[in-house]
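# Sequence first, predicted coordinates after that:
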Amino acid sequence: KPTKNLPDFALLRKSRYALPIVANCFDAFGSDRIFTFLPFLLLAKQIEPQQIGLFALLFTISGLGGKMVCGRLVDMFGARPVFIAAESSMALLLGALVVATQPSLLFIIAFLLGIVTKGTVPAVQTIVANTVEDPAKYDDIFTLNNLSRGATNIVAPLVFGFIAAAYGVVWAYCAMGLAAGCAVLPIAMMKNTVR
């Protein structure tokens, strides 16, 4: 059997494969740089630099717990409803993070945001895996999925850096919230046969 150097890009013509990969890209765009730009947002909100470490600790701990909690919820309810609920919650929490100014409220939002941010990863990976009908296509689908997420992670810091420099870091978080909301749409458009 001849070896392939590239995945089969023609698979992206099928919506059952393309939709979860698009959702994965929006998820990466909306969630993977929250932690990176968080110190700048907190400084813009006049939070003391000494407290930023506590925010980072809360976000990290809740992120670890989020993967376990959402993974269990995926087993109970299926990947699609968990992903949609987590992404919708992320969009709302990002909006609350932009608006909130009280440190105690920001602590709570950061904790909850860590849960849903990392919790979307097992859900979207399960959705991608469940779309594959032919086991021979697993390698191609996961290669395309990881390639698209990696490309998104290259572009996202540049986009958010430009937005933060031109308009302020608050608007960068608004763009993250918009991307999280957009991640729901491709999954909602998928047929019910894919859990």
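Cool, the structure landed. Remember, it's a predicted structure, so these values are computed and weren't measured experimentally.
# Can you pull up the most central residue in the protein?
The centroid of the chain falls nearest to D27 when counting by C-alpha atoms, centre = their mean (3.0 Å).
# buried residues in the worst-scoring helix or strand of the chain on mean pLDDT?
Least confident helix or strand of the chain, by mean pLDDT, DSSP states H and E, is helix 49-77 with a mean of 85. Neighbour counts over helix 49-77 (16 or more other C-beta atoms under 10 Å) mark 55-56, 58-59, 62-63, 66-67, 69-71, 73-74 as buried. For every residue, glycine as well, the C-beta is placed using N, CA and C.
# which residues make contact with stretch 14-24 from outside it?
Identification of contacts with stretch 14-24 by C-beta atoms under 8 Å, 6 or more residues apart in numbering yields 11-12, 83, 124, 127-128, 131-132, 141, 144-145, 148-149, 183-187, 189-191, 194.
# just checking, R149 touches A28?
Yes. Taking C-beta atoms under 8 Å as the definition, R149 is a contact partner of A28 at 4.7 Å.
# which of these two has more neighbours?
A28 (23 against 18; other C-beta atoms under 10 Å).
# Show the model's pLDDT score for that one.
Predicted confidence (pLDDT) for A28: 92.
# which element is it on?
Assigned by DSSP states H and E, A28 belongs to helix 15-31.
# in this structure, what spans have low per-residue confidence?
For the chain, the stretches with pLDDT under 70 are 1-4, 192-195.
# Please enumerate the strands of it.
Read by DSSP state E, the chain holds no strands at all.
# quick one, helices of it?
Along the chain, counting by DSSP state H, helices occupy 15-31, 34-44, 49-77, 79-99, 103-131, 138-167, 169-189.
# Might you report the residue contacts of A172?
Contacts for A172 (C-beta under 8 Å, 6+ apart) come out as F37, F160, G161, I163, A164.
# By neighbour count, which of those wins?
F160 (22 neighbours).
# surely T131 meets I141?
Yes. If you go by C-beta under 8 Å, T131 and I141 touch, sitting 7.1 Å apart.
# give me every residue that touches Q46.
Counting by C-beta under 8 Å, 6+ apart, Q46 makes contact with T101.
# That one and L106: what is the separation?
Distance, Q46 to L106, using C-beta to C-beta, to the nearest Å: 11 Å.
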